[in-house]
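**Student:** Here is my input, please return the structure:
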Amino acid sequence: METKQNTLETEEAPKKKNYRFLIILGLLIAVGGTWGFTKYNHGLHHEETDDAQIDANISPVIPRISGYVTEIRVKDNQSVKKGDTLIVLDNRDQLIKLEQAKATLAGSEGSLVAANATTNASAASGITYEANISVVEAQIEEAKVNVWRANQDYARYENLIKDHSITQQEFEQASATKQKAERALAVLQAQKGAAERQAKAAGKQTRATSVQTTVANANIKARQAEIANAELNLSYTVITAPTDGRVSKVNAQVGQYLQAGQSLFSIISTTEPWVVANFKETQLTKMKLGQKVRVHVDAYPDHEFEARVASFSPATGARFALLPPDNASGNFVKVVQRLPVRIEFSKADDQFISQLRPGMNVFVDVELN
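**Tutor:** This next block holds a predicted model:
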């Protein structure tokens with residue numbers, strides 16, 4: 001009986017092992033099949049890539065004028081607000097230029113006052129000469145009447161002297177009166193000519209002084225522009241933050257001479273970062289603007305960011321390279337290209353967004369439906 005029982009136990013042991021193997025195999029197949037179907041189904045409705053990084057606005061800090069650094073008010077990695085003072089330059093040269101411009105303006109304004117006074121005097125002289133001409137013209141008219149009357153009297157006396165109706169003395173007196181009237185008319189006409197020449201000269205002088213006034217006004221505007229430029233350059237001696245953000249490494253020292261246009265450091269915005277994901281061109285078939293995106297940042301693996309597709313680059317990344325490929329020369333080898341896609345975060349109030357830094361690696365998952 002014992003031998004028969006041992007034989008039965010020996011035969012049941014392989015059967016139990018076979019059952020266990022089949023159960024484990026079945027579980028593995030079920031799990032693998034479920035995982036494979038899930039990945040397949042996920043691949044039909046999603047596009048993924050780990051070729052993606054965080055990006056943000058990077059504003060360079062550049063002096064607009066040359067000068068020596070007198071004060072540095074920021075340190076590496078410091079947070080700043082727009083308008084905060086970063087660097088102060090020596091402003092003594094700019095102050096001197098500003099005072100020179102103000103002094104030049106005062107001189108130009110004095111020239112304008114003198115030109116206006118000359119113009120007014122010339123205008124007054126012109127008015128006087130015009131008045132004199134009017135008076136002389138009235139006198140000429142009166143003289144012409146006197147000449148006409150004297151001529152009439154002379155003609156009448158000339159006829160009377162022939163008949164001996166008047167004395168020779170009366171005829172000579174009429175002749176003298178006629179000559180006196182004609183000489184008076186000639187004198188008045190000469191006076192009118194002189195007055196007209198004086199008025200013409202005064203007009204020329206008035207126009208000349210008017211040109212001087214115009215030139216003086218133009219000089220004043222030029223001096224005012226110089227003052228505005230000097231004030232603007234004076235304001236440039238204080239270098240301020242162009243935007244909110246965090247300062248990079250500060251490449252400046254007190255006493256250093258800075259050239260206008262020299263790049264000192266950058267301010268990286270921390271308020272509105274975005275993701276640049278480089279998808280293969282074969283992944284773009286069903287991708288559209290506005291599609292929902294799930295972003296996983298390597299630095300924060302336990303946090304999922306919500307985002308959306310914002311825009312597509314107008315060209316592949318290779319076209320923006322320093323040496324873009326030229327397929328017209330050499331042997332052609334087809335390479336799948338990648339297109340940068342801008343992805344923006346949906347929740348601006350996410351506390352982790354302010355912790356993101358440009359260049360961080362991320363994994364993006366775009367929902368196609």
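**Student:** what ranges of the stretch 251-369 of the chain fall below the confidence cut-off?
**Tutor:** 329-330, 348-349 (pLDDT under 70).
**Student:** any idea where the strands of it begin and end?
**Tutor:** Taking DSSP state E, counting those that start in this stretch as the test, the strands found in the stretch 251-369 of the chain are 257-258, 265-268, 274-280, 292-297, 300-312, 338-345, 361-367.
**Student:** wait, which of the ones you listed is closest to residue 89?
**Tutor:** Residue 89 lies closest to strand 257-258 among the strands of the stretch 251-369 of the chain, at 7.0 Å (CB to CB). Yep, even glycine has a C-beta here, placed from its N, CA and C like the rest.
**Student:** what's next to the closest one, contact-wise?
**Tutor:** 63, 66-69, 89, 252, 264 (CB atoms under 8 Å, 6 or more residues apart in numbering).
**Student:** swap the cut-off to 7 Å and go again
**Tutor:** The contact list for strand 257-258, computed with CB atoms under 7 Å, 6 or more residues apart in numbering, reads 63, 66-69, 89, 252.
**Student:** quick one: which of the strands of the stretch 251-369 of the chain is nearest residue 222?
**Tutor:** Of all these, strand 257-258 comes closest under CB to CB, at 29.4 Å.
**Student:** could the strands of the stretch 251-369 of the chain go into TSV alongside mean neighbour count?
**Tutor:** Shown next, in TSV, are those (neighbours: other CB atoms under 10 Å):
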stretch	mean neighbour count
strand 257-258	14
strand 265-268	19
strand 274-280	20
strand 292-297	19
strand 300-312	14
strand 338-345	20
strand 361-367	19
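**Student:** follow-up on the earlier one: of the contacts of strand 257-258, which is the most crowded?
**Tutor:** residue 67 (23 neighbours; other CB atoms under 10 Å).
**Student:** Just give the nearest non-adjacent residue to it, would you?
**Tutor:** Leaving aside its sequence neighbours, residue 67 sits nearest to residue 89 (CB to CB, 6 or more residues apart in numbering; 3.7 Å).
**Student:** Tell me who's in contact with that neighbour.
**Tutor:** 63, 67-70, 237, 258.
**Student:** which one among those gets closest to residue 270?
**Tutor:** residue 63 (24.0 Å).
**Student:** for that closest one, phi and psi?
**Tutor:** Torsion angles at residue 63 (phi, psi; degrees, to the nearest 10) stand at phi -70, psi 140.
**Student:** now the residue nearest to it when sequence neighbours are not counted: how far from residue 241?
**Tutor:** Leaving aside its sequence neighbours, residue 63 sits nearest to residue 258 (CB to CB, 6+ apart; 4.8 Å). Distance, residue 258 to residue 241, using CB to CB, to the nearest Å: 17 Å.
**Student:** just residue 334 next, same as before
**Tutor:** From residue 334 to residue 241 the distance is 48 Å (CB to CB).
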